[in-house]
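Q: when you get a sec, could you give me coordinates for this:
(chains A and B)
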Amino acid sequence: MKTLRNMAVWLDERLHLTALWASSAGHEVPATSGSWWYVFGSATLLCFIIQVITGACLAFVYIPSTSEAYTSLQYLNHVQFWGWYLRAIHYWGSNCMVAFMTCHMIQVFLFGAYKYPRELTWISGLFLLLCTLGMAFTGQVMRWDQDAYWGLSIGASIMGRIPLIGGQLVHLLLAGPIIAGETLSRFFTLHVFIIPGLIIAIIVMHLRLVLAKGINEYPRPGYQVHRATYDADYADIIRKEGVPFVPKAVDKDLIFSAFVIVLILVLALVFGPKGPKGIPDPALVDTNPRPDFYFLSIFAALALLPDWMEMLVMFIAPAIGLLYLLALPFISNTGEKSARRRPVAVLSVILIVLVIVTLAWYGETSPWSPDMVAWSGAAVPVKFLKGRTPLQMHGATLLQNKQCRNCHSLGGEGGERGPSLDAVATRLTADQMVRQIIQGGGNMPAYGKKVTPPEVDAMVSFMTTLRPESTPPSRDSAPPMNKLPRDFAVVLPPAEQADAKK
Amino acid sequence: MSKSRNSMQTRRRISLFSSVLLLLCVAGCEPPGKPGAGEVSAEDVMDFPTLYATNCQGCHGVDGKNGAARILNDPLYLTVIPKDQLQETIEMGRPGTAMPAWAQSQGGPLTPKQVTALVNGIEQNWAKPVNFHGAAVPSYSGEGVNGNADNGRKLFGRDCFMCHGPGARIGSVTDASFLSLVTDQALRTSIIVGRPDFGMPDYRVLGLGHALSDQDISDLVAYLAEKRPPAVTAALVGPAPGAGNEGNKSTGSSSERGTQ
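A: Numbers count the residues shown, from 1 in each chain, chains lettered A, B, ... in the order given. Next up, the predicted model:
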């Protein structure tokens, strides 16, 4: 017994394990920090560990080449025993990691934990956030399907618009001028070596800072942080009500971690892995690519914004946002920590969350993507055909044939990219309809020379009958004869038209 | 004492519950998240209702009637049109009109098997014996019967004017734009089978209550065709090779888009 004890003491003198324990797991934290609000950080870390383990397992099978990435995922999905479950855990683990990281960030922000003296903890956390989003993006590319292709081409087109260095950046991102095999190799390296390495390094620093500067005490409304007094105040708190992190404050973290594990396992079991959705092929227009949920809001913003705002939203806003977040601990370095006394902080969190959630919801339902089968599958409602002239009937078939239905609904069926045409005659005159078809505008393609004058005539004649039944189309006042200007056949493409006007 | 027994019991219950859950998952039902064999590709769809509903009903109407384009669910129509013409129309479409080509060989989305499934589906579901009341059955295409436009004009004034004349209830069929969008065949079919879904009678009664003859029908078509702007006629009438004017091209490109 004594020899054992001696050996332990000898080892400890060499390895300083007791000291390590005392300064890490056993270090004293404010008793108030043993709160349910403080569990998200450890949950994020747990997710990361799960990602590393499942990721390593996936890497045994995954082949990062354009010809085999897809097949190796199909192999995991269908052949490998519970291989699909491994993929599902990795996918849902990443979703959970982003989600818990967001919760952690919001909590830290609302509890004022970024203030003096924890500025660098916050900043290292921001870099962890960036790296995690980088992992999410590169991970999505690993699937090498239509969604991956979409994500890459959007990413590249955003980068390409950066002034001066845009071209080089695209080259750097894609490992060449276009998306190709080299792109996949590059993203594989990023996803498996570089970013995880960075994350581990930053986590070490992040945790070291947490230990060095102590866990933030539960904020008391009215207590002001002053640079001169805070350190003494914190030491006071620890002296009076400090408890060792293990075993006194860790219980809620453990319970929540168990919950996180069960959550990921169940989500993976119920919802399964994502994709792969089909081989990426830029020639397939008929697809509906959609990014993973963390990028849905960007996807939606891109789709909804007018072109001129894209630059603003894609670059300037994120750059300003990031700079602001980096500067935050210096801008509001001292003062009130409690969310109860910081209404602006609370309101801005609510606002930002609402905007992101709404955009993500739009991204998920994406009502702007055309309904690709409406033109041949969605019948023209009979009420819009009763009592119409032969010309108008043919106008209706042309509305189908020209795929107007893919963007415009009739009787609730069809795409929602453009306004419903149910009552279009109450809004537009025949001339305006002609102009809309020929020149397009506002996200509607210009049909220009893709339609002949009789076709336009027929479609417009049909559309002029589209109004509520209480005001039936009047044959006499608007005979469907050729009343339309005949010279629109020579309408120029919009660009040239603008020139001609000058 | 009782407290610890209680907690013993709850613990036992929890472990029982979770092991049952685990057993269910591992041994019992298929987990819902497990990926299926993959989606059915659009080319594997063979059943007629689905094929019709995704490809045709936009124009030809739910269940083959009340659509903007020709009624297909009509016994008279299906008696008059030969099966090979039906098949050919579906495969090639009608260039210059809103009817796109459907066969993959023509740039359409449907495989030969799917076209056959459609043709058979239309015939099996919608064709029924028709009572012709002694009228001769006109030929679908009217081949070999040369129309006489002058006689057609007279017939038109007699048989069609009350519904299609200027100011009449239904609306013009001599309108240049309308005629630019339909083939002669479609005009002929309209006269033969009418539009039973919208109230136009068929050839058996159109001749003032009597049947129109093959010759009458051809004359009427010739009259209507004459009213079509000449530039369009070249593109629409018959499969005249090389008749690719602007109208033809544009619809061709639109049916390409239609098939993506």
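
Q: domains for the chain, by residue range?
A: Just so you know, I chose chain A. Split into domains by automatic domain parsing, chain A comes to A:25-365, A:374-475.

Q: look at chain B instead
A: Split into domains by automatic domain parsing, chain B comes to B:45-126, B:149-237.

Q: let me have those domains in a markdown table, extended by mean pLDDT.
A: Shown next, in a markdown table, are the domains of chain B (pLDDT from 0 to 100):
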| stretch | mean pLDDT |
| --- | --- |
| domain B:45-126 | 94 |
| domain B:149-237 | 90 |
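
Q: mind checking which of these is nearest residue A:188?
A: domain B:45-126 (35.8 Å; Cβ to Cβ). (Each C-beta comes from the backbone N, C-alpha and C, glycine too.)

Q: quick one: is that closest one near chain A?
A: Yes: against chain A, domain B:45-126 shows contacts by Cβ under 8 Å from any Cβ of the partner chain at B:53-59, B:61-62, B:66-69, B:98-100.

Q: in helices, which of these fall?
A: Those of those mapping onto helices are B:53, B:54, B:55, B:57, B:58, B:59, per DSSP state H.

Q: for residue A:421, grab the count of nearby residues.
A: Per other Cβ atoms under 10 Å in any protein chain shown, the neighbour tally for residue A:421 reads 23.

Q: roughly how far does the nearest residue to residue A:418 once chain neighbours are set aside sit from chain B?
A: Spatial nearest neighbour of residue A:418, chain neighbours left out: residue A:407 (4.3 Å); criterion: Cβ to Cβ, 6 or more residues apart in numbering or on different chains. Relative to chain B, residue A:407 is positioned 13 Å away (Cβ to the nearest Cβ, to the nearest Å).

Q: now do residue A:382
A: To chain B, residue A:382 is 5 Å away according to Cβ to the nearest Cβ.

Q: please apply the same query to residue A:87.
A: In terms of Cβ to the nearest Cβ, residue A:87 sits 9 Å off from chain B.

Q: if I pick that residue, what's in contact with it?
A: By Cβ atoms under 8 Å, 6 or more residues apart in numbering or on different chains, residue A:87 lies in contact with A:58, A:73, A:76, A:77, A:273.

Q: closest one of these to chain B?
A: Set against chain B, the nearest of those by Cβ to the nearest Cβ is residue A:77 (4.6 Å).

Q: count the residues that sit near the closest one.
A: Residue A:77: 21 surrounding residues under other Cβ under 10 Å.

Q: what's the answer for residue A:4, then?
A: Neighbours of residue A:4 (other Cβ under 10 Å): 8.

Q: which strand or helix spans it?
A: helix A:2-15 (DSSP states H and E).

Q: count the residues that sit near residue B:106.
A: Around residue B:106 there are 18 other residues, counting by other Cβ under 10 Å.

Q: distance of it relative to residue B:100?
A: 9 Å (Cβ to Cβ, to the nearest Å).

Q: go on, residue A:276?
A: From residue A:276 over to residue B:100 the distance is 32 Å, taken as Cβ to Cβ.

Q: cool, residue A:360 as well?
A: Using Cβ to Cβ, residue A:360 is found at 37 Å from residue B:100.

Q: more neighbours, these two?
A: In this view residue A:360 and residue B:100 are compared by other Cβ under 10 Å, and residue B:100 has more residues nearby, 28 against 18.

Q: wait, doesn't the more buried one sit right on residue A:403?
A: No: counting by Cβ atoms under 8 Å, residue B:100 sits too far from residue A:403 to count as a contact (10.6 Å).

Q: give the contact list for the spatially most central residue of chain A.
A: Central residue check for chain A by Cα atoms, centre = their mean: the C-alpha nearest the mean position is that of residue A:295, 1.4 Å away. Contacts for residue A:295 (Cβ under 8 Å, 6+ apart) come out as A:136, A:137, A:140, A:151.

Q: for the stretch 351-500 of chain A, which segments count as helices?
A: All helices of the stretch 351-500 of chain A, identified by DSSP state H, counting those that start in this stretch, fall at A:374-377, A:390-401, A:404-407, A:430-439, A:453-463, A:494-501.

Q: quick one, which of these gets closest to residue A:110.
A: Across these (criterion: Cβ to Cβ), the nearest stretch is helix A:404-407, sitting at 42.6 Å.

Q: packing partners of that closest one?
A: helix A:374-377 (3 or more Cβ pairs under 8 Å, 6 or more residues apart in numbering or on different chains; DSSP states H and E).

Q: quick one: buried residues of the helix it packs on?
A: Buried positions in helix A:374-377, judged by neighbour count with 16 or more other Cβ atoms under 10 Å in any protein chain shown: A:374, A:375, A:376, A:377.

Q: who in the stretch 301-450 of chain A is up against chain B?
A: Counting by Cβ under 8 Å from any Cβ, the stretch 301-450 of chain A comes close to chain B at A:372-380, A:382, A:385-386, A:388-394, A:396-398, A:400-403, A:405, A:449-450.

Q: can you tell me the closest non-neighbouring residue to whatever residue of the stretch 351-500 of chain A ends up closest to chain B?
A: With Cβ to the nearest Cβ as the measure, residue A:389 is the residue of the stretch 351-500 of chain A nearest to chain B, at 2.6 Å. Spatial nearest neighbour of residue A:389, chain neighbours left out: residue B:171 (2.6 Å); criterion: Cβ to Cβ, 6+ apart.

Q: mind checking the SS state of the one you found?
A: Using DSSP: H, G, I helix; E, B strand; the rest coil, the structure places residue B:171 in coil.
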